[in-house]
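Participant: dropping a prediction and its sequence here:
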Amino acid sequence: MTVVVAALLGSAYALGRSLVPDQVPGLSTGATTGADGPHYADQPSGGEPSGTPSASTGPAETGQDGSAPNTGTDNLFGAHATSGSPRLALTFDDGPDPRYTPQVLALLREYDVHATFCVVGENAQNHPDLIQAIVNEGHTLCNHSWHHDVGLGARSADAIRSDLLRTNAAIRAAVPNAPIVWYRQPGGAWTYPVVSVARQLGMTSLHWSVDPSDWELPGAGKITATVLTQAEPGSVVLLHDAGGNRQGTVDALRRILPDLTARFELEALPTDPT
Ligand SMILES: [Zn+2]
């Protein structure tokens, strides 16, 4: 069933995915079961985003980021897919998570790398200490919605605004005055309204350009290989430090960092985007 659906989706979105030729939808397993803790893949999307190609075939993906059909630039509604500079940006989604975020922070510290954390509001509320650690160690923040609502973009502007403001408030309850100038729509399910509301609230929408689909648990080897093969100047790399078992991502990061830091300058996405 999952494979059939994935194959159909792969066909349906082949055109939209043409800018990411290295992705192979048929290999999608949807294997996100067995994880403990917050598990956004199982959560209902709350409706399909309107005005996207996915509307005719139902929810296009499981609720995690990445492997979404909306990876063609025509579906980004202006969201940035690159860092805007020659520097490479690592991004970590869905946290913070007390099991994995500290491991990610320790590895980044070891390699003197700064990154950007796209945090979920309810997780920020539950783990303010981790929000503080992220900021104190020089990383930057990105709003990733209150409850990882993949369908948020289809809601009213007021509902979108309320969700994003609630998330920012949870972050700032942990770190008053924390700069939050980026927004990443869960699942990459961008719509014009969600990009527009984010902008009204001072946040630039952030997509990605390198997606190893780590949430599908392909193993540290495949995650590493995808990132190291596809990384180039300006890449925004999508990884997850929460939302399921992320040990594979942590193990991959241990292999990725020495290579990337030798080849690129890495940066936390700036808090003063132009
Ligand atoms: Zn996410």
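Facilitator: On my side now, so go ahead.

Participant: what's the neighbour count on residue 228?
Facilitator: 16 (other CB atoms under 10 Å). Yep, even glycine has a C-beta here, placed from its N, CA and C like the rest.

Participant: distance of it relative to residue 238?
Facilitator: The spacing between residue 228 and residue 238, counted by CB to CB, to the nearest Å, is 15 Å.

Participant: likewise residue 267?
Facilitator: With the distance defined as CB to CB, residue 267 ends up 16 Å from residue 238.

Participant: in terms of pLDDT, where does the closest residue to the ion within the stretch 101-250 of the chain sit?
Facilitator: As assessed by CB to the ion, the ion sits closest to residue 186 within the stretch 101-250 of the chain, at 4.7 Å. The pLDDT attached to residue 186 in the predicted structure is 98.

Participant: so where's the stretch 151-274 of the chain uncertain?
Facilitator: For the stretch 151-274 of the chain, the stretches flagged by pLDDT under 70 are 273-274.

Participant: where do the helices of it begin and end?
Facilitator: Taking DSSP state H, counting those that start in this stretch to define them, one finds helices in the stretch 151-274 of the chain at 157-174, 192-200, 220-230, 247-263.

Participant: turn those helices into CSV, columns for distance to the ion.
Facilitator: Compiled in CSV, those are given as follows (distance: least, CB to the ion, whole Å):
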stretch, distance to the ion
helix 157-174, 12
helix 192-200, 14
helix 220-230, 16
helix 247-263, 13
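
Participant: what does this structure put close to the ion?
Facilitator: Counting by CB under 5 Å from the ion, the residues of the chain close to the ion are 65, 93, 94, 186.

Participant: try it again at 8 Å.
Facilitator: 40, 63-65, 93-94, 118, 120, 144, 148, 184, 186-187, 215, 240, 243 (CB under 8 Å from the ion).

Participant: nearest to residue 77, of these?
Facilitator: Minimum separation from residue 77 among the residues of the chain next to the ion (CB to CB) is found for residue 184, which lies at 12.9 Å.

Participant: who does the residue nearest the centre of the chain bridge with?
Facilitator: The residue lying closest to the centre of the chain (CA atoms, centre = their mean) is residue 93, at 4.3 Å. Beta-bridge pairing for residue 93 (DSSP bridges): residue 118, residue 240.

Participant: what residues are up against it?
Facilitator: The contact partners of residue 93, by CB atoms under 8 Å, 6 or more residues apart in numbering, come to 65, 117, 118, 144, 184, 238, 239, 240, 241, 242, 243.

Participant: helix, strand, or coil at residue 86?
Facilitator: The three-state label for residue 86, taken from DSSP: H, G, I helix; E, B strand; the rest coil, comes out as coil.

Participant: report the contact partners of it.
Facilitator: Neighbour list for residue 86: 233, 234, 265 [criterion: CB under 8 Å, 6+ apart].

Participant: by neighbour count, which of those residues wins?
Facilitator: Neighbour counts for those were taken using other CB under 10 Å; the highest belongs to residue 234, which has 16 neighbours.

Participant: what's the spacing between that residue and residue 266?
Facilitator: The span separating residue 234 from residue 266 equals 12 Å under the rule CB to CB.

Participant: now do the shared contacts for these two.
Facilitator: Listed as contacting both residue 234 and residue 266 by CB under 8 Å, 6+ apart are 87, 88.

Participant: can you lay out the helices of the stretch 151-274 of the chain as CSV showing distance to residue 206?
Facilitator: Output for the helices of the stretch 151-274 of the chain, formatted as CSV (distance: least, CB to CB, whole Å):
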stretch, distance to residue 206
helix 157-174, 13
helix 192-200, 9
helix 220-230, 17
helix 247-263, 19
